[in-house]
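> take a look and give me a structure for this.
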Amino acid sequence: MSGADSDITDGRGQALGAVARNSADLPIEAFIDREVVSWHPPYARRVAALRAAMEPEARARWESTVAEKIRANPGARDELAPAPWRNALRVIGVVAAAATPAGILAGLGLGRGSTVLDPATGAVVIAAAGIIAVGALGGSLVRPARMGVPSRFAAGALWIATVGTLGSVVALPLRRSQWADDTFAWWCAALAAGVLALALALTVAVSRRRTAAGNRFTDRDADHLRRGVLQSVLDETEGAIVDAWGRVDAATRASIERERDTALDSVLERDPRAIDAAWMRAVPPGIRGLPHAVDEIHSSMHLGAAQLADREAGGRYGHFVTMARREH
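Numbers count the residues shown, from 1 in each chain. Sure, this is the predicted structure:
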């Protein structure tokens with residue numbers, strides 16, 4: 001890379017250190033990394049290109065890994081790569097099932113003032129919701145040979161529908177004096193939906209349990225596999241940035257590092273616990289911001305799995321930021 005910009009103006013580091021802080025969305029190391037990289041545009045463009053390539057590479061690698069796993073273990077299909085129409089039906093089923101506890105509230109007379117649901121209306125709500133939930137969730141299980149072992153999402157959704165519907169069926173008769181003429185018919189429909197939901201939930205539970213522990217691919221396995229793919233992309237991108245940094249002329253590297261060190265010293269003067277300066281100086285600019293970028297990719301690939309990993313990691317930010325901070 002050209003050495004035309006080798007003279008990084010004095011004062012940039014001090015100005016950066018004065019404003020560098022952790023924010024709700026960006027860890028301080030990623031903020032400093034981004035600003036330091038921007039001081040040398042040719043290098044900044046190379047780093048930006050490498051970061052932009054991370055997500056498509058991670059997705060392509062994930063698809064390849066999933067295809068290989070499914071070939072080796074067809075039963076893992078529903079956990080790893082469920083058909084979009086199955087997931088769509090399950091989402092509809094969960095949304096419908098979420099309305100079924102209204103019958104429990106109606107049966108117990110819970111609520112505030114005018115918000116108390118009368119049993120006649122509650123029976124209609126739970127019957128309609130239960131039928132929709134069972135229809136959608138049951139429909140998502142057709143062609144089991146193609147689906148493989150039902151996923152944890154499918155099993156959980158069925159139990160939500162079962163508990164909500166049957167709980168309402170038990171609660172509604174507590175206020176039978178307020179039933180309308182057609183309430184019994186709606187109650188019977190809700191009972192039928194609840195029994196069918198229970199039968200499906202038990203069938204799925206048995207199917208999952210019968211699968212040998214060594215052959216069943218769980219959502220935890222999928223999450224671990226996804227993080228492994230992302231980690232491999234992160235490692236390769238770090239290596240490419242090290243190579244790119246080595247092609248920047250020595251005078252420019254020295255100027256950038258000098259101002260970066262000034263920024264770090266300024267941060268430490270303000271708050272000695274804000275950042276590990278030795279950790280930041282151990283690698284070229286552009287690397288310490290990568291874990292934050294990978295956390296964002298993780299969320300875009302599977303938000304639920306990313307949130308779970310973040311909670312388990314226990315840091316203020318995402319899984320990969322937390323793991324990077326712990327490595328030193």
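> and the helix or strand bottoming out on mean pLDDT in the chain, what does it pack against?
Using mean pLDDT, DSSP states H and E, the weakest-scoring helix or strand in the chain turns out to be helix 101-108, at a mean of 72. Contact here means 3 or more C-beta pairs under 8 Å, 6 or more residues apart in numbering; DSSP states H and E; on that basis helix 101-108 packs against helix 119-139, helix 152-171. Backbone N, C-alpha and C define where each C-beta goes, glycine included.
> want to throw those helices into TSV with mean pLDDT, distance to residue 257 and mean neighbour count?
Output for the helices and strands packed on helix 101-108, formatted as TSV (pLDDT from 0 to 100; distance: least, C-beta to C-beta, whole Å; neighbours: other C-beta atoms under 10 Å):
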stretch	mean pLDDT	distance to residue 257	mean neighbour count
helix 119-139	89	58	23
helix 152-171	88	48	23
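> let's have these in CSV, adding distance to residue 248.
Output for these, formatted as CSV (distance: least, C-beta to C-beta, whole Å):
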stretch, distance to residue 248
helix 119-139, 57
helix 152-171, 48
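> among the ones you listed, which comes closest to residue 87?
Between residue 87 and those, the tightest spacing by C-beta to C-beta is seen for helix 152-171, at 7.7 Å.
> give me the next element, helix or strand, following the closest one.
Next along the chain after helix 152-171, taking DSSP states H and E as the criterion, comes helix 183-210.
> hang on, the earlier thing: taking helix 183-210 as reference, get the angle to the least confident helix or strand of the chain.
130 degrees (axes from the mean of the first three to the mean of the last three C-alpha atoms, to 10 degrees).
> show residues contacting helix 101-108.
110-111, 116-119, 121-123, 125-126, 129, 164-165, 167-175, 190 (C-beta atoms under 8 Å, 6 or more residues apart in numbering).
> for residue 273, which of the helices and strands packed on helix 101-108 is the nearest?
helix 152-171 (39.9 Å).
> what angle sits between the closest one and helix 183-210?
Using the same axes, to 10 degrees: helix 152-171 against helix 183-210 is 150 degrees.
> elements contacting helix 152-171?
Checking 3+ C-beta pairs under 8 Å, 6+ apart, helix 152-171 ends up next to helix 84-97, helix 101-108, helix 119-139, helix 183-210.
> tell me what angle the third one forms with helix 183-210.
By that I understand helix 119-139. Using the same axes, to 10 degrees: helix 119-139 against helix 183-210 is 30 degrees.
> what packs against helix 119-139?
helix 84-97, helix 101-108, helix 152-171, helix 183-210.
> if you count contacts, what does the next helix or strand after the last one end up packed against?
Read that as helix 183-210. Where DSSP H and E defines the elements, the next helix or strand beyond helix 183-210 is helix 219-246. Based on contacts counted as 3+ C-beta pairs under 8 Å, 6+ apart, the elements that helix 219-246 packs against are helix 41-52, helix 54-72, helix 77-80, helix 290-301, helix 303-313, helix 319-326.
> any chance of these in a markdown table, with mean neighbour count, distance to residue 265 and mean pLDDT too?
Listed next are these as a markdown table, based on neighbours: other C-beta atoms under 10 Å; distance: least, C-beta to C-beta, whole Å; pLDDT from 0 to 100:
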| stretch | mean neighbour count | distance to residue 265 | mean pLDDT |
| --- | --- | --- | --- |
| helix 41-52 | 17 | 22 | 96 |
| helix 54-72 | 15 | 31 | 93 |
| helix 77-80 | 22 | 48 | 82 |
| helix 290-301 | 20 | 23 | 94 |
| helix 303-313 | 16 | 29 | 85 |
| helix 319-326 | 21 | 20 | 91 |
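> which stretch among those helices comes nearest residue 142?
Taking C-beta to C-beta, helix 77-80 is the member of the helices and strands packed on helix 219-246 nearest to residue 142, at 12.1 Å.
> for the closest one, list the C-alpha coordinates in PDB.
Written as PDB, here are the backbone C-alpha positions of helix 77-80 (Å, rounded to 0.1, in the frame of the first residue of the first chain):
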ATOM      1  CA  ARG A  77     -33.200 -31.700   9.000                       C
ATOM      2  CA  ASP A  78     -36.000 -30.200  11.100                       C
ATOM      3  CA  GLU A  79     -33.600 -28.900  13.700                       C
ATOM      4  CA  LEU A  80     -31.000 -27.600  11.200                       C
END
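> contacts for it, please.
66, 69-70, 86, 146-152, 154, 217-219, 221-222, 225.
> any chance of a ChimeraX selection covering the buried ones in the residues you listed?
Listed next is the ChimeraX selection for buried residues among those, using 16 or more other C-beta atoms under 10 Å:
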select :66,69,70,86,147,148,149,150,151,152,154,217,219,222,225
